[in-house]
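> Below: sequence and its predicted model.
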There are 2 protein chains.
Amino acid sequence: MSYNITSLNELAAQFERLPGIGKKTALRLSYFILEQPPERAKRFAEALVNAREKIHFCETCQALTDEDKCSICADENRDRSVICVVENPKDIMAFERTREYKGLYHVLHGAISPLDGIGPDKLKIKELMSRLADGTVTEVIMATNPTVEGEATASYISRLLKPMGIKISRLAYGIPVGGELEYADEVTLSRALDGRNEI
Amino acid sequence: MSYNITSLNELAAQFERLPGIGKKTALRLSYFILEQPPERAKRFAEALVNAREKIHFCETCQALTDEDKCSICADENRDRSVICVVENPKDIMAFERTREYKGLYHVLHGAISPLDGIGPDKLKIKELMSRLADGTVTEVIMATNPTVEGEATASYISRLLKPMGIKISRLAYGIPVGGELEYADEVTLSRALDGRNEI
């Protein structure tokens, strides 16, 4: 019988389930927990259960929140005439980091992908449609990912919205700022050419 | 007010306390937890509290265990005449991986370091001495780290044990197997020269 500590192994196994954490790191993190005061481990455990139990989808935009409405939907200062449609809750953080966008969001929680069995009915599209009913929203920005699935989703929703007379836009394609042309892939580059602006 | 989810931030803050986990990874791991079924988060939380509460020092060798005695001290097949003295519980795993060593261990939980205020009294040296009292142990292998502190600790303990007539050994210094001589530091190399064996 070799050196074996059941509850340490169990903790390491839990860490190893996390993405990007291998066997060695999992063990290192477990030892770190053992070296900390017990209150620390308890606080970590509470944060885990708390987050998982309290966080749910915002009743309006389907973003993650631990309140009734998310902090963006609840914010009186946001522009209620624009909705930016994204695939995942994380995408909201990316937009918020720009400090440019002042409108609202709508999270689809995925993209149409027939191969994975994800049809439009699996996404929060119904919820988006009902937000557009009262005429407050004048523009919908399709900010799904620049992938086949994201594109398909964007064009599916656009077709739904067209008859409602709402302005629909899509994020611009082009070369990333700070990138080097040398490394730009040919699809991105030809999109950047297509979308060129007079200066 | 920007996008803000209190319980998500708290969870991310807990992940960020772990060594080698930065802001971005902490957030990524937190989102991962949210995407898992609630039972998973609960099981992770239980493993954290469980490990921290159950694991304590083995009453004999001071290694980590969740039983009264660690699995090595409890193992009837280990050679009870040799004790390998290490600084940290993790060092035991390294020795066990060799599958060579069949004796027992003793964990000091640190090394003598006057600059950090760690004197011999802060280490589990008393506990080591009491294990040697009944004469079962005939050899003590000093396997503290090859650092200034580890060396000081090894020689301090050696001086204590000398009068007891117990054989004391120190791990061999030399070039690491599989390493390249080109990259060996001069201290290691001169130690390897000093310790050269006839072939």
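Structure's in. What do you need? Residues are numbered from 1 along each chain as shown, chains lettered A, B, ... in the order given.
> now the strands for chain A?
Listed in chain order, the strands found in chain A under DSSP state E are A:56-57, A:64-65, A:82-86, A:104-107, A:139-142, A:167-170.
> quick one: the first one near chain B?
No. Strand A:56-57 is not in contact with chain B by CB under 8 Å from any CB of the partner chain; minimum separation 9.7 Å. Bear in mind the C-beta positions are built from the backbone N, C-alpha and C, glycine included.
> In its sheet, which strands sit next to that strand, and in what direction?
Using DSSP bridges, strand A:56-57 pairs in its sheet with strand A:64-65 (antiparallel).
> Can you give the contact residues for the partner strand?
A:55-58, A:70-71, A:89, B:5, B:8, B:34 (CB atoms under 8 Å, 6 or more residues apart in numbering or on different chains).
> try it again with 6 Å
A:55, A:58, A:89, B:5 (CB atoms under 6 Å, 6 or more residues apart in numbering or on different chains).
> any residues touching the lowest-mean-pLDDT helix or strand in chain A, and which ones?
When the helices and strands of chain A are scored by mean pLDDT, DSSP states H and E, helix A:186-194 comes last with a mean of 81. Identification of contacts with helix A:186-194 by CB under 6 Å, 6+ apart yields A:173-175.
> so how many other residues sit close to A:I112?
Around A:I112 there are 24 other residues, counting by other CB atoms under 10 Å in any protein chain shown.
> Spell out which parts of chain A neighbour chain B.
Neighbours of chain B within chain A, by CB under 6 Å from any CB of the partner chain: A:1-8, A:10-11, A:14, A:18-19, A:29, A:32, A:34, A:38, A:41-42, A:44-45, A:47-52, A:54-55, A:64-66, A:71-72, A:75, A:92, A:96.
> before we move on, the earlier item: who wins for proximity to B:R80 among the strands of chain A?
When those are compared by CB to CB, strand A:64-65 sits nearest B:R80, at 56.7 Å.
> quick check: mean pLDDT across that closest one?
When pLDDT is averaged along strand A:64-65, the result is 93.
> Then stretch A:49-59?
The model assigns stretch A:49-59 a mean pLDDT of 93.
> which one of the contacts of strand A:64-65 is nearest B:M129?
Distance to B:M129 across those (CB to CB) is lowest for A:I55, with 53.7 Å.
> Count the neighbours of the closest one for me.
A:I55: 20 neighbours (other CB under 10 Å).
> you'd agree it is up against A:E67?
No. Applying CB atoms under 6 Å, one finds A:I55 not in contact with A:E67, separated by 9.9 Å.
> tell me the contacts of A:R170?
Contact analysis of A:R170 by CB under 6 Å, 6+ apart lists A:142, A:154.
> For the lengthiest helix in chain A, name the packing helices and strands.
Ranked by residue count, the top helix of chain A under DSSP state H comes out as helix A:38-54. Where contact means 3 or more CB pairs under 6 Å, 6 or more residues apart in numbering or on different chains; DSSP states H and E, helix A:38-54 is packed against helix B:6-16, helix B:38-54.
> shaky segments in chain A?
Along chain A, segments meeting pLDDT under 70 span A:1-2.
> Need the buried ones from the contacts of strand A:64-65 selected in ChimeraX.
In ChimeraX, a selection of the buried entries from the contacts of strand A:64-65 looks like this (16 or more other CB atoms under 10 Å in any protein chain shown):
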select /A:55,58,89 /B:5
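> I'd like the contacts of strand A:64-65 laid out as a markdown table, including distance to A:A192.
Conversion of the contacts of strand A:64-65 to a markdown table gives the following (distance: CB to CB, whole Å):
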| residue | distance to A:A192 |
| --- | --- |
| A:I55 | 38 |
| A:C58 | 35 |
| A:P89 | 29 |
| B:I5 | 35 |
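> Quick check: of the contacts of strand A:64-65, which lies closest to A:T147?
The closest of the contacts of strand A:64-65 to A:T147 turns out to be A:P89 (CB to CB; 17.5 Å).
> quick one on the thing from earlier: buried ones in the longest helix of chain A?
Using 16+ other CB under 10 Å as the test for burial, helix A:38-54 gives A:40-41, A:43-52.
> can you list contacts of it?
A:33, A:66, B:7-8, B:10-11, B:14, B:38, B:41-42, B:44-45, B:48-49, B:52.
> contacting residues for the closest residue to A:L64 other than its chain neighbours?
In this structure, A:L64 finds its nearest non-sequential neighbour in A:P89, 4.6 Å apart by CB to CB, 6 or more residues apart in numbering or on different chains. Under the criterion of CB under 6 Å, 6+ apart, the neighbours of A:P89 are A:63-64, A:107.
> how about a cut-off of 10 Å?
Each residue near A:P89 by CB atoms under 10 Å, 6 or more residues apart in numbering or on different chains is listed here: A:55, A:57-58, A:61-65, A:70, A:105, A:107, A:109, B:3, B:5, B:8, B:31, B:34-35.
> Any quick PyMOL command for the buried ones out of those residues?
Paste this into PyMOL to select the buried members of the contacts of A:P89, with burial taken from 16+ other CB under 10 Å:
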select buried, (chain A and resi 55+57+58+61+62+63+64+65+70+105+107+109) or (chain B and resi 3+5+8+31+34)
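> wait, doesn't A:K90 sit right on A:H109?
No. Counting by CB atoms under 10 Å, A:K90 sits too far from A:H109 to count as a contact (11.3 Å).
> So for these two, which residues contact both of them?
By CB under 10 Å, 6+ apart, the residues touching both A:K90 and A:H109 are A:A63.
> Determine which of the helices and strands packed on helix A:38-54 approaches A:A184 most closely.
Across those, A:A184 has its closest neighbour in helix B:6-16 (33.0 Å, CB to CB).
> Relative to A:N145, how far out is A:Y173?
12 Å (CB to CB, to the nearest Å).
> so which of the contacts of helix A:186-194 comes closest to chain B?
A:I175 (23.8 Å; CB to the nearest CB).
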